[in-house]
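Peer 1: Coordinates only, no sequence provided:
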């Protein structure tokens, strides 16, 4: 993270990118997808547009035609259709004047523009991925590394696998998750009801309570988990039918579907700054749990994520964060926060050939 009078962080980012094969292998006129999370309204943890502009300019210098992309979300929010999604991205500074590239939502207007890719995996024979990402000649993942309630953390694998899965594809990945209401903690505020994309939650008045109670219709629930991260009272917990391992491994299969034919035309740039405990899908950003570290880049998206999590776990935990004072010495930060075993995604990614968990680091 340290800079000098003659070398700024954006300039260091350019040096880092120049080492990646994906930039070296861009041919004149090729369409290059830069996939990133534009952040939900109220969130401040997303990658700053000025960094994205530097990546865009490098693609242009190599002869490529860059565009920014992400697929629509399952939950309501402001990223569930292309119009709202692009408007929010521009609100957060990702407009043409700032980043020098257009935005193309990967799965189209309402999430129905996708390609079914045959993978013959453990969970899926075919997966549904956003067509813009699939048909791009090259793919660059720009991921803000942070915590996540289902994965422990989110980096390049989740950015590609979950991020670029079509809306119906996201439902396939979340199918094993069902929320459970903890009645004694529910305050009846209705925030979870507002965010549920399938109206599977409702408020009920009961004689034994002085507050309304959130009630789940499990039959219509699609398992997106949005209510879990939306609740401010920890009144909704995850009830796993397949365990966190399955959703992580399903997401790895989606990432594999997108990456498998791109070979040396895919790369990962992980931003280890503003390392918040939760995903940028939330409409807020909590305090960073460790100091800013820097930027990790690799031709191997699995190695990039593994190096990122290792770097985070080597850092001292910051005070006055979600991490309790008596737990500041715990190395596994995201495991502590979310109680999720995040190693599954690495084991499976290596098993199916998405990448490797062993790596060597070099400062640029």
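Peer 2: Yes, it's here. Note that the structure is predicted; figures quoted are calculated from it, not measured.
Peer 1: Please make it C-alpha for all contacts and neighbour counts, starting now.
Peer 2: Fine.
Peer 1: any weak-confidence spans in the stretch 201-350 of the chain?
Peer 2: Along the stretch 201-350 of the chain, the parts satisfying pLDDT under 70 run over 240-243.
Peer 1: where do the helices sit along it?
Peer 2: With helices called from DSSP state H, counting those that start in this stretch, the stretch 201-350 of the chain shows them at 226-230, 243-259, 301-314, 333-338, 343-352.
Peer 1: Which one, of those, ends up nearest to residue 14?
Peer 2: If you check each of the helices of the stretch 201-350 of the chain against residue 14 by Cα to Cα, helix 301-314 wins as the nearest, at 17.0 Å.
Peer 1: what's the angle from the closest one to helix 243-259?
Peer 2: Helix 301-314 and helix 243-259 meet at an angle of 140 degrees, taking axes from the mean of the first three to the mean of the last three Cα atoms, to 10 degrees as the criterion.
Peer 1: Can you name every helix or strand that helix 301-314 contacts?
Peer 2: With contacts defined as 3 or more Cα pairs under 8 Å, 6 or more residues apart in numbering; DSSP states H and E, the packing partners of helix 301-314 are helix 156-161, strand 266-272, strand 294-298, helix 343-352.
Peer 1: The helices of the stretch 201-350 of the chain: which one's closest to residue 1?
Peer 2: With distances scored as Cα to Cα, the stretch of the helices of the stretch 201-350 of the chain nearest to residue 1 is helix 301-314 (12.8 Å).
Peer 1: If we go by neighbour counts, what in that closest one is buried?
Peer 2: Neighbour-count burial for helix 301-314 flags 301-309, 312-313 (criterion: 16 or more other Cα atoms under 10 Å).
Peer 1: pLDDT weak spots in the stretch 51-200 of the chain?
Peer 2: Residues of the stretch 51-200 of the chain that meet the criterion pLDDT under 70 lie in 76.
Peer 1: residue boundaries of the strands in it?
Peer 2: Counting by DSSP state E, counting those that start in this stretch, one finds strands in the stretch 51-200 of the chain at the ranges 65-69, 114-118, 126-130, 138-144, 146-148, 152-154, 177-181.
Peer 1: Find the centremost residue of the chain, please.
Peer 2: residue 159 (4.1 Å; Cα atoms, centre = their mean).
Peer 1: Residue 269 versus that one, what's the distance?
Peer 2: In this structure, residue 159 and residue 269 are 11 Å apart, going by Cα to Cα, to the nearest Å.
Peer 1: any common contacting residues for these two?
Peer 2: Counting by Cα atoms under 8 Å, 6 or more residues apart in numbering, the common neighbours of residue 159 and residue 269 are 141-143.
Peer 1: May I see these arranged in TSV, with neighbour count and distance to residue 5 as well?
Peer 2: Below are the shared contacts of residue 159 and residue 269 laid out as TSV (neighbours: other Cα atoms under 10 Å; distance: Cα to Cα, whole Å):
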residue	neighbour count	distance to residue 5
141	24	29
142	25	26
143	27	27
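Peer 1: Ok, which of the helices and strands packed on helix 301-314 comes nearest residue 226?
Peer 2: With Cα to Cα, the closest approach to residue 226 among those belongs to helix 156-161: 16.0 Å.
Peer 1: Turn the helices and strands packed on helix 301-314 into TSV, columns for distance to residue 104.
Peer 2: What follows is the helices and strands packed on helix 301-314, written out as TSV (distance: least, Cα to Cα, whole Å):
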stretch	distance to residue 104
helix 156-161	15
strand 266-272	18
strand 294-298	24
helix 343-352	27
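Peer 1: for these, which one sits closest to residue 47?
Peer 2: Relative to residue 47, the nearest member of the helices and strands packed on helix 301-314 by Cα to Cα is strand 266-272, separated by 7.4 Å.
Peer 1: Can you name every helix or strand that the closest one contacts?
Peer 2: With contacts defined as 3+ Cα pairs under 8 Å, 6+ apart, the secondary structure elements packing on strand 266-272 are helix 21-24, strand 138-144, helix 156-161, strand 294-298, helix 301-314.
Peer 1: Serialize the helices of the stretch 201-350 of the chain to a markdown table and add fields for distance to residue 364.
Peer 2: As requested, the helices of the stretch 201-350 of the chain are exported to a markdown table (distance: least, Cα to Cα, whole Å):
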| stretch | distance to residue 364 |
| --- | --- |
| helix 226-230 | 37 |
| helix 243-259 | 26 |
| helix 301-314 | 15 |
| helix 333-338 | 27 |
| helix 343-352 | 26 |
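Peer 1: and those, which is most packed in?
Peer 2: Each of these was scored by mean neighbour count; the highest is helix 243-259, a mean of 24, by mean count of other Cα atoms under 10 Å.
Peer 1: who does that helix touch, helix- and strand-wise?
Peer 2: Counting contacts by 3+ Cα pairs under 8 Å, 6+ apart, helix 243-259 is packed against strand 126-130, helix 156-161, helix 167-174, helix 343-352.
Peer 1: circling back: ok, the residue nearest to the centre of the chain touching residue 34?
Peer 2: No: with the criterion set as Cα atoms under 8 Å, residue 159 and residue 34 do not qualify as a contacting pair; they are 10.8 Å apart.
Peer 1: where do the contact lists of those two overlap?
Peer 2: By the contact definition Cα under 8 Å, 6+ apart, residue 159 and residue 34 are jointly contacted by 141-142.
Peer 1: and the gap between residue 352 and residue 313?
Peer 2: To residue 313, residue 352 is 26 Å away according to Cα to Cα.
Peer 1: Nearest to residue 22 among the shared contacts of residue 159 and residue 269?
Peer 2: So of the shared contacts of residue 159 and residue 269, ranked by how close each gets to residue 22 (Cα to Cα), first place is residue 141, at 10.6 Å.
Peer 1: so the closest one sits right up against residue 37, yeah?
Peer 2: No: contact criterion Cα under 8 Å: residue 141 and residue 37 do not qualify, at 9.8 Å.
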